[in-house]
Every structure is written in C-alpha cells, then in structure tokens.
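A.B. asks: Mind looking at a prediction? Sequence and model below.
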Amino acid sequence: MGNSGYDGTVRLWNANGGLEHTLMFRKNEHVYGSELSGELLGPLSWSLSGIYIAAAIANVVNIWHISGTFLTLVYYILHTNMTAYQTS
C-alpha cells in the first residue's frame, strides 16, 4: 500500500500498517523531496508485475524499481518534451 501528498514524498506501507519505505520525488536534478513542499503528488501507479511504482507532479513522472527490500529511482520523465533521464 502507498500514499503521496504535499511533501514531495511517496510512502509505502506493509500489510500491518508499518512504514516500509519513504521515497523522495525528483522534479529535476536540483529540485526534490522537501523542496517540493506544497506541490501535490498525483496518484501512485504500480506496474502489473509489481516491480515498478510511479508518481507524478504536473509534467514530471518518477519511476522506481522495486527489488526485494531496495527501491531505486530509475527514471524521471519531463512530459513537455518527453525526455527521460536515467538516474543510475
């Protein structure tokens, strides 16, 4: 289960209601996490395979890869020019 809000984070919870992960949304190379305070993150989306999770603010999408207990931001995408930036 997961949620997002106005603080630039995505939180993932386990079945018992305990916090498992807090992910920082990255709007660009220099703006992420608490610097996004006041900007609403859109609804979360999971891939059918369950190994990717995505969230968006306006024209930017972040995609994280879920591998066991590790989550890695793999892309942030700017919709205005459809440019994908790989983070690893």
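C.D. replies: Yes, it's here.
A.B. asks: And the pLDDT at residue 68?
C.D. replies: In this model, residue 68 is scored at 70, pLDDT.
A.B. asks: How much space separates it from residue 51?
C.D. replies: 10 Å (CB to CB, to the nearest Å). (Glycine included, C-beta is placed from N, CA and C.)
A.B. asks: Among the two, which residue is more densely surrounded?
C.D. replies: residue 51 (11 against 5; other CB atoms under 10 Å).
A.B. asks: Okay, and the closest residue to the more buried one other than its chain neighbours sits in which element?
C.D. replies: Spatial nearest neighbour of residue 51, chain neighbours left out: residue 66 (5.2 Å); criterion: CB to CB, 6 or more residues apart in numbering. Per DSSP states H and E: residue 66 is located in strand 60-67.
A.B. asks: ok, the residue nearest to residue 51 - contacts?
C.D. replies: Residue 66 is in contact with 50-53, counting by CB atoms under 8 Å, 6 or more residues apart in numbering.
A.B. asks: pLDDT at the nearest residue to residue 37 once chain neighbours are set aside, what is it?
C.D. replies: Leaving aside its sequence neighbours, residue 37 sits nearest to residue 7 (CB to CB, 6+ apart; 5.7 Å). For residue 7, the model assigns a pLDDT of 84.
A.B. asks: related to what we said a few turns ago, partners of the strand holding residue 66, with directions?
C.D. replies: Strand 60-67 sits in its sheet next to strand 52-57 (antiparallel), strand 70-78 (antiparallel), going by DSSP bridges.
A.B. asks: who's sitting farthest from the centroid in the protein?
C.D. replies: The C-alpha centroid of the chain is most remote from residue 16, which lies 21.9 Å away (CA atoms, centre = their mean).
A.B. asks: From residue 53, how far off is that residue?
C.D. replies: Going from residue 16 to residue 53 by CB to CB gives 19 Å.
A.B. asks: what's the answer for residue 41, then?
C.D. replies: Residue 41 is 12 Å from residue 53, where distance means CB to CB.
A.B. asks: which residues do these two both contact?
C.D. replies: Going by CB under 8 Å, 6+ apart, residues that sit against residue 41 and also against residue 53 are residue 10.
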